[in-house]
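have a look at this fold, sequence not included:
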């Protein structure tokens, strides 16, 4: 059987009696913990992605989309001259088109020309090695004659 619950009137009488006796002040109260205000999380700024830099170049293609040559954007006249030369040269079809290409963080490699001194040294080394080969050949020929 279900248990009988006390009525509100009875509960009220008990509370008034406790207040009159002073039990309410002496009874330990439960400490109510205050909830700390939720801290707002600091939002980090997301760096905008740096757009990749591009440059425009003129590219001459064959009819089969094979790249023939490239020219910097400021050399359009030279590109057009090359296109006319290729068209006049043969039966193939060529066309020119601007293309945007990525610029990497590094500078484009520039072909380094060797100074004249180094070229002379390289040529001298080649000549020396050729002379040595000639001497070896002569020594071999002399040995063959002696045999």
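Received, thanks. Keep in mind it's a predicted model, so treat the numbers as computed, not measured.

doesn't residue 59 lie inside a helix?
No: using DSSP: H, G, I helix; E, B strand; the rest coil, the secondary structure at residue 59 is strand, not a helix.

is it true that it touches residue 69?
Yes: the criterion here is CB atoms under 8 Å, and residue 59 meets it with residue 69 at 7.5 Å. Any C-beta I mention is one placed from the backbone N, CA and C, and that applies to glycine too.

ok, residue 50 - contacts?
If you count contacts by CB atoms under 8 Å, 6 or more residues apart in numbering, residue 50 has none.

can you pull the pLDDT of it?
Residue 50 is assigned 82 on the pLDDT scale.

please report how far it lies from residue 13.
According to CB to CB, to the nearest Å, residue 50 and residue 13 sit 78 Å apart.

tell me the secondary structure at residue 80.
Strictly by three-state DSSP, residue 80 counts as helix.

report how many residues lie close to it.
Residues near residue 80, counting by other CB atoms under 10 Å, number 14.

measure the closest residue to it other than its chain neighbours to residue 41 for me?
In space, and not counting its chain neighbours, residue 80 is closest to residue 96: 6.9 Å by CB to CB, 6 or more residues apart in numbering. Applying CB to CB, the value for residue 96 to residue 41 is 55 Å.
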